[in-house]
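# return a 3D structure for these sequence lines:
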Amino acid sequence: MKDQMTGKKPRNMQIAVYALLLVLVLIAMFGLRYMVNRGPSTEESPIQEDTIHAAIVYGPDSYRVLTSEDGNDSITGINYHLLADLQDSLGVKVVLHPVIDRQSALNKITTGEYDILASLPADNYLKKNFLTTEEVYLDRMVLLQKRNPNGTLYARSALDLDGDTIHLEKGSSAKRRIENLQKEIGGRITIIEEPDLSEEYLAIKVANGVWKYTVVNEKTAQQMKDQYPDLVFSTPVSFTQFQVWVLPQGRDSLLNLINVYLKQRLNP
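Reported below is the predicted structural model:
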């Protein structure tokens with residue numbers, strides 16, 4: 001009887017070992033299946049879609065449609081050409097959405113409707129609430145006005161704006177700059193935001209004498225000067241600023257790819 005009991009112990013131990021091995025094999029199989037079904041992480045696949053939606057600010061230096069004498073249209077602008085080349089660089093389709101209302105475009109960046117907004121002057125507000133790329137180009141904000149009938153300027157410095165009115169593009173960072181300017185000069189400047197007018201059309205309003213002042217990027221003012229020689233933009237209202245593209249928070253992988261592209265494209 002004792003011998004029979006002794007023979008059963010090794011057999012029971014073998015069964016226990018085989019059962020343990022079977023459990024380990026099953027765990028390994030289910031773990032492998034989970035990893036396969038899960039697929040690569042977001043970090044390993046920075047672009048999950050095959051289309052990038054890019055909002056582009058309408059203006060002479062960014063995106064502009066030109067019509068030749070034969071009626072054929074062509075598109076020009078720094079941001080337009082860079083985004084067109086980005087499509088080839090990343091191997092994805094880039095759909096352009098020309099915008100005038102910058103604040104609305106920023107809202108759509110936040111909700112993910114747009115992947116990129118090109119471009120805006122870099123400031124603390126953008127850096128705090130969005131991802132911003134490397135600098136695309138340099139620019140600064142200038143006060144745009146016409147000379148008064150006696151040939152002098154209405155405003156020769158920012159101090160002369162106290163008590164006056166400025167019309168600005170809605171959502172433009174120029175509003176934050178003018179608000180800070182009020183504090184600096186200790187005065188009051190009335191700001192009227194125009195929701196449906198680009199910088200170009202704001203300049204036209206001033207050139208036609210409808211409004212007294214507006215604030216635009218200097219590159220825009222320089223291009224408008226050829227068509228409207230009476231416009232004067234000798235009064236800066238900001239330091240030179242970097243123009244950057246804006247992306248939603250959380251798109252760090254796409255931001256890294258775009259920064260690599262911009263460095264190669266702008267600094268060959």
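# contact partners for A105?
Contact analysis of A105 by Cβ atoms under 8 Å, 6 or more residues apart in numbering lists 55, 57, 97, 99, 114, 117, 171. From N, CA and C alone the C-beta is placed, and that goes for glycine too.
# can you tell me the element it falls in?
helix 102-111 (DSSP states H and E).
# pLDDT of that helix, averaged?
Confidence over helix 102-111 (mean pLDDT, whole number) is 94.
# can you check stretch 195-205 too?
Stretch 195-205 shows a mean pLDDT of 90.
# sorry, back to before: closest one of the contacts of A105 to L144?
V57 (17.0 Å; Cβ to Cβ).
# I56 is in contact with Y80, isn't it?
Yes - I56 lies in contact with Y80 (Cβ atoms under 8 Å); the separation is 6.5 Å.
# buried set for stretch 246-262?
Neighbour-count burial for stretch 246-262, counted by 16 or more other Cβ atoms under 10 Å, picks out 246-248, 251, 254-255, 257-258, 261-262.
# returning to what we had before: least confident of the contacts of A105?
Minimum pLDDT across the contacts of A105 is recorded for G171, with 84.
# distance of L83 from D115?
Counting by Cβ to Cβ, to the nearest Å, the gap from L83 to D115 is 11 Å.
# now do A158
The gap separating A158 from D115 is 37 Å, by Cβ to Cβ.
# residues contacting S234?
Under the criterion of Cβ under 8 Å, 6+ apart, the contact partners of S234 comprise 142, 153.
# that should have said S62, apologies.
Applying Cβ under 8 Å, 6+ apart, the residues near S62 are 56, 77-80, 118-119.
# can you list phi and psi of it for me?
Dihedral pair for S62: phi -110, psi -60, per degrees, to the nearest 10.
# tell me which element the closest residue to D115 other than its chain neighbours falls in.
With sequence-adjacent residues excluded and distances taken as Cβ to Cβ, 6 or more residues apart in numbering, D115 is closest to I52, at 4.8 Å. Using DSSP H and E, the element containing I52 is strand 51-57.
# for R64, same thing?
In this structure, R64 sits in strand 64-67 according to DSSP H and E.
# now do the buried residues in the helix or strand hosting L96.
Taking DSSP H and E as the criterion, the element that holds L96 is strand 93-99. Neighbour-count burial for strand 93-99, with 16+ other Cβ under 10 Å as criterion, is recorded at 94, 96, 98-99.
# what does stretch 101-108 give?
101-102, 105-106, 108.
# on that earlier part again, comparing I56 and Y80, which shows the higher neighbour count?
Neighbour tally, I56 and Y80, criterion other Cβ atoms under 10 Å: the higher count belongs to I56, 24 against 19.
# so what pairs up with the spatially closest residue to the more buried one that is not a sequence neighbour in the strands?
Counting by Cβ to Cβ, 6+ apart, the nearest residue to I56 once its immediate chain neighbours are dropped is Y63, at 4.6 Å. Beta-bridge pairing for Y63 (DSSP bridges): G59.
# ok, back up a step: so which of the contacts of S62 are in helices?
Judged by DSSP state H, helices contain the following of the contacts of S62: 78-80.
# that older thread, so which of the buried residues of stretch 246-262 is the closest to Y137?
L262 (10.3 Å).
# what's the closest of the buried residues of stretch 246-262 to T190?
Using Cβ to Cβ, V246 is the member of the buried residues of stretch 246-262 that lies nearest T190, at 28.3 Å.
# pretty sure the closest one sits against I109.
Yes - V246 lies in contact with I109 (Cβ under 8 Å); the separation is 5.9 Å.
# joint contacts of those two?
116-117, 130.
# those residues, buried ones only, as a PyMOL selection?
Typed into PyMOL, the line below selects the buried ones among those, using 16+ other Cβ under 10 Å:
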select buried, resi 116+117+130
